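1. When you get a sec, could you give me coordinates for this:
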Amino acid sequence: MSNDTILKVEHLSMRFGGLMAINDFSFEARRGEITALIGPNGAGKTTVFNCITGFYRPTMGMITLRHKSGQEFLLERLPDFEIPKKAKVARTFQNIRLFSGLTVLENLLVAQHNALMKASGYTVLGLLGLPAYKKAANDAIEKARYWLDKADLTDRADDPAGDLPYGAQRRLEICRAMCTGPELLCLDEPAAGLNPKESLVLNSLLRNIRDEGTSLLLIEHDMSVVMQISDHIVVLEYGQKISDGSPDHVKNDPKVIAAYLGVEDEELDEVIHEVEAIAGGEA
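-> Reported below is the predicted structural model:
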């Protein structure tokens, strides 16, 4: 596992009864990059995410996460609650899961609950106002305000999270995940339901997160978002990898084009010929 690889998935398989949802799937995500996992509906993308983040225990395969320090974690062997806590993998979901009755700021403080509990000695020391706890509380507020600023939500800090527009709720959910200090941030369709203006704001936030040193792995159906922000794209079809490379490589790969067009295997040669003809004409 090279030093610039943060996540290595090897020969991953996931069977549900008689259905092989993922079959011998391997890929690597590099540190400091945005890696997108794409594919037609039912390709197995969310199943891969669920294996990486501990919601599923894979039938076969290894999932290795490497921290900047060099420490490695075999995610398939960790209990699900230790994957965010020890391996520092954070995740958002297709459906927004904010605490809608809490304020925007409080949602970001809740994400730092573990650090605050540790500072309190897991007792009532926090209520006594000891210096160590005060510092931890101030640091938590500072971190929350930092991400509110990054997401352009500072002016809504005291509003209930449920009152935010949909796009702002998406950004808040991502910032809440960032408040846990992840090494790898996994985003499940972050642009789902966003209008073009909201997508542009989201793209800016995700690039900012990447540029500050957090690696991102995302599932996304919006190809305009994928092609604009991804450094690396992996394509799944029927639980198997069909393409892996840069955005330019993937968008011109005949197998990818055929998968998204719903082309049958026997028609693939024709698609390859057409793509090569177009590419030759552009040259």
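2. Look up how far E220 lies from A43.
-> When C-beta to C-beta, to the nearest Å is the yardstick, A43 and E220 sit 13 Å from each other. No exception for glycine: its C-beta is placed from N, CA and C like everyone else's.
3. Same question for Y260.
-> Taken as C-beta to C-beta, the span from Y260 to E220 is 13 Å.
4. neighbour-wise, which of the two wins?
-> A direct count of neighbours by other C-beta atoms under 10 Å for Y260 and E220 places E220 higher, at 22 against 14.
5. Give me the distance between the more buried one and H249.
-> Using C-beta to C-beta, E220 is found at 17 Å from H249.
6. now G101
-> Using C-beta to C-beta, G101 is found at 46 Å from H249.
7. Between these two, tell me which one has more neighbours.
-> Set side by side, G101 and H249 show more neighbours around H249, with 13 against 10, by other C-beta under 10 Å.
8. Would you mind listing the residues in contact with the more buried one?
-> By C-beta atoms under 8 Å, 6 or more residues apart in numbering, the contact set of H249 is I233, S243.
9. just use 152 as the starting number from now, easier for me
-> Got it, the first residue is 152 from now on, which makes the last one we talked about H400.
10. wait, is it part of a helix?
-> Yes - with DSSP: H, G, I helix; E, B strand; the rest coil as the criterion, H400 is assigned to a helix.
11. so how far is M378 from it?
-> 12 Å.
12. for the stretch 302-434 of the chain, what spans make up the strands?
-> Taking DSSP state E, counting those that start in this stretch as the criterion, the stretch 302-434 of the chain contains strands spanning 335-339, 366-370, 383-388, 391-396.
13. List the contacts of K406.
-> K406 is in contact with V386, E388, I393, S394, L419, counting by C-beta under 8 Å, 6+ apart.
14. quick one: it from Q391, how far?
-> For K406, the distance to Q391 (C-beta to C-beta) stands at 11 Å.
15. For the nearest residue to R242 once chain neighbours are set aside, which residues count as its bridge partners?
-> Leaving out its chain neighbours, the residue that sits closest to R242 by C-beta to C-beta, 6 or more residues apart in numbering is C337, at 4.4 Å. Beta-bridge pairing of C337, defined through DSSP bridges, involves R242, L368.
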